[in-house]
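Q: quick one: sequence plus predicted model below, questions after.
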Amino acid sequence: MQTLTIRDEVTSNMGKADYVITIRLTSARLTVRDLIRERVRQEVEDFNNKQSELYNGLVQPTDTERTLNGFKFRTRRNLDWQEQFDKAVEGFQRNAFILLVDDLQVDDLDQLIAISPETQVTFVKLVPLVGG
């Protein structure tokens with residue numbers, strides 16, 4: 001088993017990690033789709049175990065409002081990791097976020113990537129321009 005630390009950045013705060021998560025991987029080689037799946041599965045599992053008021057995940061869950069520190073639920077509930085994963089794949093395909101592996105952008109869900117202890121993974125969440 002191998003661990004990988006993932007950083008999230010927002011375009012308005014480039015260079016500053018807004019969220020950091022460490023995930024466990026069973027393989028050192030996986031596709032971008034698998035990386036997104038494992039990241040989302042782990043963050044949803046962590047949230048469901050903690051039952052926090054805020055969710056600071058890759059994509060906004062249904063029935064939440066965006067806050068400065070994450071997504072706030074109208075009523076507390078467990079998240080379905082598969083639903084969040086499907087939203088994340090859709091977000092990747094419509095460029096809601098950019099995925100960088102060792103500072104190189106990956107843009108194909110089926111692209112194979114090798115993970116080592118030195119691998120740096122960053123999800124850059126794109127913020128739409130106001131009025132544009």
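A: Noted; the coordinates are in hand.
Q: and the longest helix along the chain, what's buried?
A: Ranked by residue count, the top helix of the chain under DSSP state H comes out as helix 32-50. Neighbour counts using 16 or more other Cβ atoms under 10 Å place 32-40, 42-44, 46-47 of helix 32-50 among the buried residues. All C-beta atoms are positioned from the backbone trio N, CA, C, and that covers glycine.
Q: over to stretch 108-118?
A: Here stretch 108-118 shows 113, 115 as buried, counting by 16+ other Cβ under 10 Å.
Q: can you give me the end-to-end span of it?
A: 22 Å (Cα to Cα, to the nearest Å).
Q: how far does it sit from the chain's center?
A: Here the centre of stretch 108-118 is set off from its chain's centre by 15 Å, with Cα atoms, centre = their mean, to the nearest Å.
Q: didn't residue 109 look like it was pressed against residue 90?
A: No: Residue 109 is not in contact with residue 90 according to Cβ atoms under 8 Å; the separation is 10.9 Å.
Q: which SS state does the most centrally placed residue in the chain fall under?
A: In the chain, the residue lying closest to the centroid (Cα atoms, centre = their mean) is residue 58, at 3.4 Å. Three-state assignment for residue 58 (DSSP: H, G, I helix; E, B strand; the rest coil): coil.
Q: any idea which strand is longest in the protein?
A: strand 2-10 (DSSP state E).
Q: relative orientation of that one and helix 32-50 in degrees?
A: 90 degrees (axes from the mean of the first three to the mean of the last three Cα atoms, to 10 degrees).
Q: for strand 2-10, buried residues please.
A: 4, 6, 7, 8, 9, 10.
Q: and what of stretch 20-30?
A: 21, 23, 25, 30.
Q: ok, and what's touching that stretch?
A: Stretch 20-30 is contacted by residues 1-8, 38-39, 42-43, 46, 112-116 when judged by Cβ atoms under 8 Å, 6 or more residues apart in numbering.
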